[in-house]
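Undergrad: Just the structure for this:
(2 chains)
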Amino acid sequence: MKSTAIIFFQLLIPLLMTTGCWNLKEPDQLAFVGGNGLDLTEDGKLEASALLVTPSGVGGGQSGGDKKGSFHVMNATGKNVSDALANMQTMISRVVFAGHRDIFLVGQKLAEKGMGDTIDPFMRSAQSDMRAMIYVVKNGRPKDVFSSKPFFDPFITTTLSDEQEAIGLKPYLAREFVVDVLSDGTQPLLPAVSLNPSKQYSYSGTAILNKDDGVKLVGFLDKKESTYALWIADRISSFILTTFVPEGDGNISLTIDTIGRRIKAKQIEERIQIDVHLIGEGAIIENNTNLDPSKREDLLLIQEKVNQKTKKSIEQLVKKVQEEYQMDIFGFGETVHQQYPRQWKKIKQNWPKTFPTVDVLVKVELQCNDSGLANSSLNRR
Amino acid sequence: MGQFAKSDGRKKLNTNDSKSTENNSQTIGKSILENEQMFKSLFLHSSDIMYREITIHDQTKLLMIYVDGMVNTDMIISNILEPLMYKGLPQGLGSIESVIEMFEQERFSVLQTKKVSNIEEISDHILKGNLAILVDGEHFALLADVKKIETRSISESAIEPVLRGSRESFTENLRTNTTMMRRILATPKLKIESLKIGKLTKTDVAVVYIEGIVAPPVLNEVLKRLKCIQTNGILESGIIEQYLEEAPFSPFPQILNSERPDVAAASLLEGRVAILTNGTPFSLIVPMTFWSGLQAPDDYHQRFLFVAMIRWVRYIFTILSVFLPCIYIALTNFHPEMVPPELMLNIASLRESAPFPTVIEVLLMEFMFEGLQEAGLRLPKQIGPLVSIVGALVIGEAAVSAGIISAPVVIVVATGGIASFIIPRYSFSFPLRMLRFPLIILSGILGIFGIAIGISAILIHLLHLQSFGTPYLSPVAPLKMRGLKDVLLRWPQKMVKKEGDQL
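TA: Numbers count the residues shown, from 1 in each chain, chains lettered A, B, ... in the order given. The predicted model follows:
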């Protein structure tokens, strides 16, 4: 027994010295970062901002008393990100702790210049949480977003991290962004937020980035286009679709919550053709037409019209992306890669140039499997 | 089999024995006057020893010696004095050589009699409540069993309560206890071997086992170690336990104690050995394993699914009771990224005004908790509840609102404390309570790494520990699939072969 114990502790001593894991920090010695933001100042300097949570303003317990603000936004400039953060630390009496960072914001200015260099420390640092979400701030600066006051949460970062799920998107996390940046066949498509004049944030579609050119911002898609684009990229779990049906002289709204997509690549001689097959099932939640969805022929008519219109919009979107932005945000390249792994090695180099010329066939198949509780629109009776 | 006790104790015993036999091998003389003087000087300053001299037929002098209060006086009068004084001796001795032999065979209607001449043996018997009758002219004393010792009646077990099962528990009287065992196990294979331990107390100790099921090496080892005990007094089975255990410095008890006859009987059926001690309701059961410390008496009486669940609740709470405080320290001080953000912020906000480091806070609270527990145990029953009220107020409310201790620490320590109450064997909760402190210090210095060191050290110790040759962690380590069923789930009774091969 004694010899076992002695050997055991002798083995432990070198471990103690090698790990160097004396990193005791009481929670009240830490400044918890809710979110980090990066942008360029007016004169082109890199500016890091951070939302620091003030624990005494948040937590439960010790009710009453004067509650301080629940957060504080700090800004600092520097040569690079680490330099800016080090400058920020000089203004804070507690050690900045980014292990609970929820949100990473990129200002539009920086994104336009290319954010490739600046992402590195956030992906490299061991303390960095790869489950953080990344947003591009459209027409604004990260620090303004951080300063805005949400109405549910004490600070904006928790709100932003809940936002994607609330609007039916599959959460797009930092690690997925890294995967997209490093992949050959996909261009990153980041969700974007903007501030309205009353300093409230709102989701404002997505931002297209060019990973081949320093992760530079290429353009924005609006909310509707984003929905379709994310549908093709399989990053959405539910959405509400409102379509005008001329036969019924009114709008029909569907909530679509069973969403699928099938993408097939075909090589016809030298050209590549992509078949995009989008499927979805949903329920009618609003009917402003004079059609009666409980009748089979009316329902089929509605479905056909919805499919046609949606198909048209998606085709327009694909065309716009192919011609205007020329960025493969849908991940068609990955499909080609998977189906033609050998040919892909050749195609890969030229994919950014090939993508705009690819033929995309879109097929939309939406099904209304629930016509709602009412029959025809009450208005038309 | 495992390490058995070293034999130097036995050598001492032998030398002592030979000495004592030399000194006390005196026998009584023939003269009753001399004998009376001799016993009176032996029992000098003992006002409870009674001497009663009677003469029958003006010729035969008798002397009775007994301890007042330990004998049944009615029985002495009706079964011994009356036949002697009124009926007297029959004419002539006939074929019977001595008066004593005649008494023994024809006169005294008591269950047990014994003819003894050794002084020490006679005095022993007197002190145990027997009546000694000395006859003038004969160098024997007749000992008659007329014991009547006041004992507590059989009552419900106070520290091992069950929902379902027998309500009776052992008493302080060894004979009552062996009776209870015999009642449950009505088989001639139930063996009750008797020993006397303690130079002054001469405590009766009974080793109980079932022949054919018990493992002979364990039994022999128990008897061997019991015979090695050299002490003046055995007042409680806990003293025997300390003499029997192999690793006195281990925090884990290696001998199970129980005051329930059904637990003892169940253990015997599993091939264990029970040791009953006169003067205490606590029986010792060997060998003990880690898992038997976590089994409640009525685990086998309830239906299997429920018990399977409750067992896991017990295992989880056992782990919580040891590791919760140190995990809290490690997570908040070393690895705050592992705690969910909202919780971490809450903890941080509650710690905002705390004056002490978390480690000190936890240690303080644990210390207070142990103090409260001990205070509640020692206080008279009437003021006992006061401790809990004051404790709850002072610790739960005042310390937090005064900002001395942060609220999460109170929650953690209280949860860990309550978790240790779930352990069915009270003595088994001691090691868990003790191990908290080194683990708290380790985690305060090294975080999760420190806890890992602590767990490794505990596991190495447990794997090395043995109780009478049985590995402490069996049947988990060394692994025995059949025994495992009982540890993990407590399999349905029908599907378990009960042959006492669990060890």
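Undergrad: only C-alpha atoms for contact and neighbour calcs from this point on.
TA: Will do.
Undergrad: for B:Leu284, what are its contacts?
TA: Going by Cα atoms under 8 Å, 6 or more residues apart in numbering or on different chains, B:Leu284 touches B:Ser237, B:Glu241, B:Ile255, B:Leu256, B:Asn257, B:Ser258, B:Ala274, B:Ile275, B:Leu276.
Undergrad: pLDDT, secondary structure and neighbour count added to the residues you listed, as CSV?
TA: Output for the contacts of B:Leu284, formatted as CSV (pLDDT from 0 to 100; DSSP: H, G, I helix; E, B strand; the rest coil; neighbours: other Cα atoms under 10 Å in any protein chain shown):
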residue, pLDDT, secondary structure, neighbour count
B:Ser237, 91, helix, 21
B:Glu241, 93, helix, 22
B:Ile255, 94, coil, 25
B:Leu256, 93, strand, 22
B:Asn257, 91, strand, 26
B:Ser258, 92, strand, 24
B:Ala274, 95, strand, 28
B:Ile275, 95, strand, 25
B:Leu276, 95, strand, 29
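Undergrad: residues near A:Ser237, how many?
TA: Burial of A:Ser237 is recorded as 18 neighbouring residues (other Cα atoms under 10 Å in any protein chain shown).
Undergrad: Now the phi/psi pair for it, please.
TA: phi -120, psi -20 (degrees, to the nearest 10).
Undergrad: What of A:Phe155?
TA: According to degrees, to the nearest 10, A:Phe155 has phi -140, psi 170.
Undergrad: Near it, how many other residues are there?
TA: Burial of A:Phe155 is recorded as 25 neighbouring residues (other Cα under 10 Å).
Undergrad: you'd agree B:Met126 is up against B:Leu142?
TA: Wrong residue type there; residue B:126 is Ile, not Met. No: counting by Cα atoms under 8 Å, B:Ile126 does not reach B:Leu142; the two are 10.9 Å apart.
Undergrad: which residues are in contact with both of these two?
TA: By Cα under 8 Å, 6+ apart, the residues touching both B:Ile126 and B:Leu142 are B:Ala132.
Undergrad: Show me which helix or strand of the chain is least confident by mean pLDDT.
TA: If you meant another chain, say so; for now it's chain A. One helix or strand of chain A scores below all others by mean pLDDT, DSSP states H and E: helix A:2-19, with a mean of 70.
Undergrad: Break down chain B into its strands, ranges please.
TA: Remark: strands assigned in chain B by DSSP state E are B:49-56, B:60-67, B:113-116, B:131-135, B:141-144, B:190-197, B:203-210, B:256-258, B:273-277, B:283-286, B:466-467, B:470-471.
Undergrad: The first one: which residues count as buried?
TA: When you say that, I think you mean strand B:49-56. Within strand B:49-56, the residues that count as buried by 16 or more other Cα atoms under 10 Å in any protein chain shown are B:Ile49, B:Tyr51, B:Ile54.
Undergrad: Chain A versus B:Leu276, what's the distance?
TA: 32 Å (Cα to the nearest Cα, to the nearest Å).
Undergrad: what sits against that residue?
TA: B:Leu276 neighbours (Cα under 8 Å, 6+ apart): B:Leu174, B:Asn177, B:Thr178, B:Val205, B:Ala206, B:Val207, B:Val208, B:Ser237, B:Phe282, B:Ser283, B:Leu284.
Undergrad: Poorly predicted segments of chain B, please.
TA: For chain B, the stretches flagged by pLDDT under 70 are B:1-25, B:87-98, B:106, B:496-503.
Undergrad: Up against chain A, what does it have?
TA: Within chain B, the positions lying close to chain A (Cα under 8 Å from any Cα of the partner chain) are B:332-334, B:336-337, B:341, B:345-352, B:357-358, B:401, B:444-447, B:457, B:461, B:464.
Undergrad: and these, which are buried?
TA: Buried members of the residues of chain B next to chain A, scored by 16+ other Cα under 10 Å, are B:332-334, B:336-337, B:341, B:345-352, B:357-358, B:444-447, B:457, B:461.
Undergrad: For B:Gly212, give me phi and psi.
TA: Torsion angles, degrees, to the nearest 10, at B:Gly212: phi 100, psi -30.
Undergrad: Please work out which of the strands of chain B is packed deepest.
TA: Comparing the strands of chain B by mean neighbour count (mean count of other Cα atoms under 10 Å in any protein chain shown), strand B:273-277 comes out on top with a mean of 27.
Undergrad: Could the C-alpha coordinates of it be exported in PDB?
TA: Presented in PDB, the C-alpha positions along strand B:273-277 are these (Å, rounded to 0.1, in the frame of the first residue of the first chain):
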ATOM      1  CA  VAL B 273     -20.200 -14.400  10.200                       C
ATOM      2  CA  ALA B 274     -22.000 -12.400  12.800                       C
ATOM      3  CA  ILE B 275     -20.500 -11.500  16.100                       C
ATOM      4  CA  LEU B 276     -22.900 -10.700  19.000                       C
ATOM      5  CA  THR B 277     -21.600  -9.000  22.100                       C
END
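Undergrad: before we move on, the earlier item: restricted to helices, list the buried ones among the residues of chain B next to chain A.
TA: Counting by DSSP state H, the part of these found in helices is B:332-333, B:341, B:345-351, B:358, B:444-446, B:457, B:461.
Undergrad: Show me which pair in these is furthest apart.
TA: Greatest spacing in those, by Cα to Cα: B:Ser349 and B:His461 (39.7 Å).
Undergrad: quick revisit: out of the contacts of B:Leu276, which one sits closest to B:Glu150?
TA: Comparing the contacts of B:Leu276 against B:Glu150 with Cα to Cα picks out B:Leu174 as the nearest, at 12.8 Å.
Undergrad: Pick out whichever of the contacts of B:Leu284 sits closest to A:Glu163.
TA: Nearest member of the contacts of B:Leu284 to A:Glu163, counting by Cα to Cα, is B:Leu256, at 58.3 Å.
Undergrad: who's that closest one bridged to?
TA: Judged by DSSP bridges, the bridge partners of B:Leu256 are B:Ile285.
Undergrad: what residues are up against it?
TA: Applying Cα under 8 Å, 6+ apart, we find B:Leu256 in contact with B:Leu284, B:Ile285, B:Val286, B:Pro287, B:Met288, B:Gly293.
Undergrad: change it to 7 Å
TA: Residues counted as contacts of B:Leu256 (Cα atoms under 7 Å, 6 or more residues apart in numbering or on different chains) are B:Leu284, B:Ile285, B:Val286, B:Met288.
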